[in-house]
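Peer 1: Using only what follows, build the 3D model:
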Amino acid sequence: MKTDVEELSPTRVKLTIEVPFEELKTSLDKAYREVARQVRVPGFRPGKVPPRIIDQRFGRAAVLEQAVNEAVPELYSKALAERDVVPLSQPDLEITKLDDGKELAFTAEVDIRPSFDLPDVTTLSVTVENADVGPDQVEEYLGALRERFASLKTVDRTVESGDFVSIDLAATVDGETVEDAQATGVSYEVGTESMLDGLDEALTGMTAAESKTFTAELAGGSRQGMAADVLVTVNSVKVKELPELDDEFAQSASEFDTIGELRASTRKQLTAVRQAGQAGQARERLLQALIDQVDIPLPERIVAAEIEQRRKSLQDQLDRAGLTMQAYFDASDTTAAKMDADFEADARRSVTAGFILDKLASEEDLTVTPEQLSAYVTEQAYRMGVAPDRLAQQLSDNGQLPAVAADVLRANALTWLTEQATVIDEAGRPVDIRATEASVADTEDAEEAADDLDVESDADEQ
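Peer 2: Predicted coordinates:
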C-alpha cells in the first residue's frame, strides 16, 4: 500500500491511498461469503455458492462494492498510522480508481490537529482575589444562618413593611369574578413587591381580619393584562424573630458547643471557599493567558460542530421548558445575530483551549489514574442524580469512556499549569495552588463548605 499526504490547510490534509488488488483478497473472500449466504441458487446449499457462479448469475460488481466498503475503513486506519496522522473528524472518502484484479485507489480528506508552539509556562503570571476572611464576613454568614433559624411570631398591630402576612385574594373585572384569580392562605412578605402592583401599599396599615380593595393589572390567567379590582383580606400578621448568637444557638444550628467554636469553624470554612475560588481563578486566567499568546489555526468544521452543539443544547432546554426561541431572546434581551456571535466566540475559545491542554498533557506525559476517572464519573453521577455504577456502565456501553478520560486529562493539564506558573493575590502575596488545594481538601469539599454548617431545616412558623 502506498500513501501520499497533501496539506490542504494547516488543519486539513488529503491522503491519497493506492492498494494492490491482492491486499483486498481477505475482504473479497468475505464479500463472496456474505453474498453466498444471501442468494439462492438451485443445486447449491445456502452459503455454498461458488464465487464463479455468483459472478455469472449476479455479476461481480456488487461483490466488489461490498469488498471495497469493508476494506476501505481498515486501509484508511492503516494509512493514518503509517503516516502518523491524527484525525479530528470523520474523513471525506472518495474512490478514485477500482481496476478489478489490479489496483484500488481512494482519497481521504480529514481535519487534523494544527501545529503550534507553547510559550514557557513558568513565565506566566496571574493575579487572583485575596482569600482573607475578616470578622465582617464571618458575621455576615452567621447573620444568614440566624435567618435560617428564625421563627415567625403573631403580633396584634397594623401591617408594616417586613412583616409576614397570610392573605386571601379575590379579583373581579367589571364586577365579574375572575375564577383563576382567587387565592386563599397566601403567605407574603410585605415590602418585597413580588406579587401584584399596589399590594404592598394596600397591606400597609391593615390589621388582621381587615379587607381592602385596590386596582391592579392581572399578571396571568385568562384576563392577563387587564385591570382588576382586587379584594385583599388579612388573616394574620407575623414578625420574624432571630435567635441570639449564643452557645444555645451554636448547639442547635451546628455540631459545636459554643458560639466561639462556631465562629472559628465558619472562618475556616469561608477561607476554604475563597481558596477554592483562588484555584479556580488561577486556572481560568492562566488558560486565558495562554489563549491570548498562542495563535492557533482552527478547523472550521470542528468549530461549526461546537456551535451546532450549543444551539442544540439551548433548543433542548427550551423544549423541556416549553418555551420558544423568541421567548428566550425577549427574556435574555438578545437577538439571533448576537446569540450566533456569542456561540461562535465561545466555540472558538473552547476548541483553542482543548488544543492547548491536549498539547500540555502530551508534552508533559500526563496521565489519568483509575481513581481520577472513577471520581469524575461519581461527581457527574451525583449531579445527574443517578447511581455512579449505572452511569459508568452507560458510558462504557456507549463508547464514551475515552472522551471522559480526555476531559479528565485536560483537567490534569490545567492543574499542572497552575502549579508551574506564578500566581499572586491582590495584595501581592504568592499563592501556592498545590498547598491551597490540599488545604481545601483537608477542610471540606469547597463547593459545599458554605452549606455544611446548616444541619437543620428552615424555620418553622410559630
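
Peer 1: show me the biggest helix of the protein in terms of residues.
Peer 2: The helix of greatest length in the chain, counted in residues with DSSP state H as the criterion, is given as helix 259-293.

Peer 1: gap between that one and the chain center?
Peer 2: For helix 259-293, the gap between its own C-alpha mean and the chain's C-alpha mean amounts to 21 Å (Cα atoms, centre = their mean, to the nearest Å).

Peer 1: and that helix, what does it pack onto?
Peer 2: Using 3 or more Cβ pairs under 8 Å, 6 or more residues apart in numbering; DSSP states H and E as the contact definition, the elements that helix 259-293 packs against are strand 125-128, helix 135-148, helix 247-253, helix 336-363, helix 401-420, strand 422-425, helix 433-443. Just so you know, the C-beta spots here come from the backbone N, C-alpha and C atoms, and that holds for glycine as well.

Peer 1: can you put those in a markdown table and add mean neighbour count and mean pLDDT?
Peer 2: Supplementary listing: these in a markdown table, determined by neighbours: other Cβ atoms under 10 Å; pLDDT from 0 to 100:
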| stretch | mean neighbour count | mean pLDDT |
| --- | --- | --- |
| strand 125-128 | 18 | 96 |
| helix 135-148 | 14 | 94 |
| helix 247-253 | 16 | 94 |
| helix 336-363 | 16 | 96 |
| helix 401-420 | 17 | 94 |
| strand 422-425 | 18 | 95 |
| helix 433-443 | 16 | 75 |
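
Peer 1: and of the ones you listed, who's closest to Ser27?
Peer 2: helix 401-420 (26.9 Å; Cβ to Cβ).

Peer 1: Next, the angle helix 336-363 makes with that closest one.
Peer 2: Here the directions of helix 401-420 and helix 336-363 differ by 80 degrees (axes from the mean of the first three to the mean of the last three Cα atoms, to 10 degrees).

Peer 1: Need the contact partners of helix 401-420.
Peer 2: 121-122, 124, 279, 282-283, 286-287, 290, 354, 357-358, 360-361, 364, 366-368, 372-373, 376-377, 395, 433-434, 437 (Cβ atoms under 8 Å, 6 or more residues apart in numbering).

Peer 1: Can you check the pLDDT for Thr3?
Peer 2: Confidence at Thr3, expressed as pLDDT, is 94.

Peer 1: What is the burial count for it?
Peer 2: Residues within reach of Thr3, counting by other Cβ atoms under 10 Å, total 19.

Peer 1: So it: helix, strand or coil?
Peer 2: With DSSP: H, G, I helix; E, B strand; the rest coil as the basis, Thr3 sits in strand.

Peer 1: all strands for the stretch 101-250 of the chain, in order.
Peer 2: 103-111, 125-128, 151-154, 164-173, 176-189, 211-217, 227-241 (DSSP state E, counting those that start in this stretch).

Peer 1: Pull up the pairing partners for the fifth one, direction included.
Peer 2: Strand 176-189 sits in its sheet next to strand 164-173 (antiparallel), going by DSSP bridges.

Peer 1: tell me the angle the strand it pairs with makes with strand 227-241.
Peer 2: Here strand 164-173 points in a direction 180 degrees away from that of strand 227-241 (the same axes, to 10 degrees).

Peer 1: which parts of strand 164-173 are buried?
Peer 2: For strand 164-173, the neighbour count (16 or more other Cβ atoms under 10 Å) marks Phe164, Val165, Ser166, Ile167, Leu169, Ala170, Ala171, Thr172 as buried.

Peer 1: Where does Glu65 sit, in terms of helix or strand?
Peer 2: Using DSSP states H and E, Glu65 sits within helix 61-82.

Peer 1: Report all helices and strands that that helix contacts.
Peer 2: The helices and strands touching helix 61-82, judged by 3+ Cβ pairs under 8 Å, 6+ apart, are strand 12-20, helix 25-38, helix 51-58, strand 92-99, strand 103-111.

Peer 1: Mean pLDDT lowest where, among these?
Peer 2: helix 51-58 (a mean of 78).

Peer 1: Show me this structure divided up by domain.
Peer 2: Domain assignment for the chain, taken from automatic domain parsing, gives 2-111, 151-241, 249-451.

Peer 1: so which of the ones you listed gets nearest Pro135?
Peer 2: Judged by Cβ to Cβ, the one of the domains of the chain that comes nearest to Pro135 is domain 249-451, at 8.6 Å.

Peer 1: Apart from its neighbours in sequence, what residue is nearest Leu245?
Peer 2: The shortest distance from Leu245 to any non-neighbouring residue, by Cβ to Cβ, 6 or more residues apart in numbering, is to Ile259 (5.7 Å).

Peer 1: a markdown table please, covering the helices and strands packed on helix 259-293 and showing distance to Glu6.
Peer 2: Rendered in a markdown table, the data for those read as follows (distance: least, Cβ to Cβ, whole Å):
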| stretch | distance to Glu6 |
| --- | --- |
| strand 125-128 | 41 |
| helix 135-148 | 62 |
| helix 247-253 | 70 |
| helix 336-363 | 22 |
| helix 401-420 | 28 |
| strand 422-425 | 43 |
| helix 433-443 | 44 |
